[in-house]
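Chemist: quick one, fold the following:
(chains A and B)
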There are 2 protein chains.
Amino acid sequence: MAQRALLLIAHGSRRAEANADLVTLAEMVRARQPADVVEIAYLELASPSIPEGAEQCVAHPDITEVRLVPYFLSPGRHVAEDLEEYRQQFTTRWPHIQFHVCAPLGLHPHVVDALLERANEGYRV
Amino acid sequence: MAQRALLLIAHGSRRAEANADLVTLAEMVRARQPADVVEIAYLELASPSIPEGAEQCVAHPDITEVRLVPYFLSPGRHVAEDLEEYRQQFTTRWPHIQFHVCAPLGLHPHVVDALLERANEGYRV
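Modeler: A predicted model of the protein is given here:
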């Protein structure tokens, strides 16, 4: 039984194709970490919301930890403040479960690699 | 002499630390692709603006191509529409230079790797 849930969180967009990326990302994460429960949520403009996503996580039996995983690049207000506020709310609501906010992607070396590949795509020296 | 310029573009934030990432990213890209001119710009809330960044790129002698490189995850409105509009403006203003909008980072496999590392940070099985 899974003990850990990952709640993947994107900003949310009015464009369906931007939101669809999070669904695809969740499938990729499930395939690579089958022991984890993986759910998704959007900060705004799309559903499920973050509280709805958290409910889906804790509805799984035996969950002891929920990790809020930002699919965000920057340590902007959303990650720095909004997710921390949610963490505190959830800790009060479900005191038997540990909630943790993960770091945004930021300048992770793999992100820099991805950016360079995008920058060079289709480029002929 | 450099012939290609990369204009790295972030959304821009009221938080200085979020904007600072783009400065650091530019240094990393310059170190890895020393043949390219590398400049930065913010879509909003910070400067230089995208037109200012484009001016800095074309001010370098011998530039024949400027690539607008989004430091964005999603194909949201900003990348899909705003950057394409800028590209058209710049093409009219500097017809002797080729402008190109690169793809957002999206679900590049390296981005998924980075997300999993962030999700697992500090986690003990």
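
Chemist: mean confidence score for stretch A:29-37?
Modeler: For stretch A:29-37, the mean per-residue pLDDT is 95.

Chemist: in that stretch, what counts as buried?
Modeler: A:Val29, A:Gln33, A:Asp36, A:Val37 (16 or more other Cβ atoms under 10 Å in any protein chain shown). The C-beta positions use only the backbone N, C-alpha and C, and glycine is treated the same way.

Chemist: ok, now stretch A:113-125?
Modeler: Applying 16+ other Cβ under 10 Å to stretch A:113-125 flags A:Asp113, A:Ala114, A:Leu115, A:Leu116, A:Arg118, A:Ala119, A:Asn120 as buried.

Chemist: ramachandran coordinates for A:Leu8?
Modeler: phi -80, psi 130 (degrees, to the nearest 10).

Chemist: right, and it touches A:Val66 too?
Modeler: No - contact criterion Cβ atoms under 8 Å: A:Leu8 and A:Val66 do not qualify, at 11.5 Å.

Chemist: quick one: list the elements packing against the host helix or strand of A:Leu25.
Modeler: Under the criterion of DSSP states H and E, A:Leu25 resides in helix A:16-32. With contacts taken as 3 or more Cβ pairs under 8 Å, 6 or more residues apart in numbering or on different chains; DSSP states H and E, helix A:16-32 sits against strand A:4-10, strand A:37-42, helix B:109-120.

Chemist: quick one: closest of the ones you listed to A:Ala16.
Modeler: strand A:37-42 (11.9 Å; Cβ to Cβ).

Chemist: identify all contacting residues around the helix holding A:Leu25.
Modeler: Residues from elsewhere that reach helix A:16-32 (Cβ atoms under 8 Å, 6 or more residues apart in numbering or on different chains): A:6, A:8, A:10, A:12-13, A:36, A:38-40, A:42, A:46, A:71, B:73-76, B:106-107, B:112, B:115-116, B:119.

Chemist: which parts of it are buried?
Modeler: Under the neighbour-count criterion of 16+ other Cβ under 10 Å, helix A:16-32 has A:Ala18, A:Asn19, A:Asp21, A:Leu22, A:Leu25, A:Ala26, A:Val29 buried.

Chemist: which SSE is immediately downstream of the worst-scoring helix or strand of chain A on mean pLDDT?
Modeler: Using mean pLDDT, DSSP states H and E, helix A:77 stands out as the lowest-scoring helix or strand of chain A, at a mean of 76. Next along the chain after helix A:77, taking DSSP H and E as the criterion, comes helix A:83-93.

Chemist: now that next one and strand A:4-10, what's the angle there?
Modeler: 140 degrees (axes from the mean of the first three to the mean of the last three Cα atoms, to 10 degrees).

Chemist: buried stuff in helix A:83-93?
Modeler: Applying 16+ other Cβ under 10 Å to helix A:83-93 flags A:Leu83, A:Tyr86, A:Arg87, A:Phe90 as buried.

Chemist: the nearest residue to A:Ala80 once chain neighbours are set aside - how many residues pack around it?
Modeler: Computed as Cβ to Cβ, 6 or more residues apart in numbering or on different chains, the closest residue to A:Ala80 that is not its neighbour in sequence is B:Arg15, at 7.2 Å. For B:Arg15, the neighbour count with other Cβ atoms under 10 Å in any protein chain shown is 17.

Chemist: cool, thanks, talk later.
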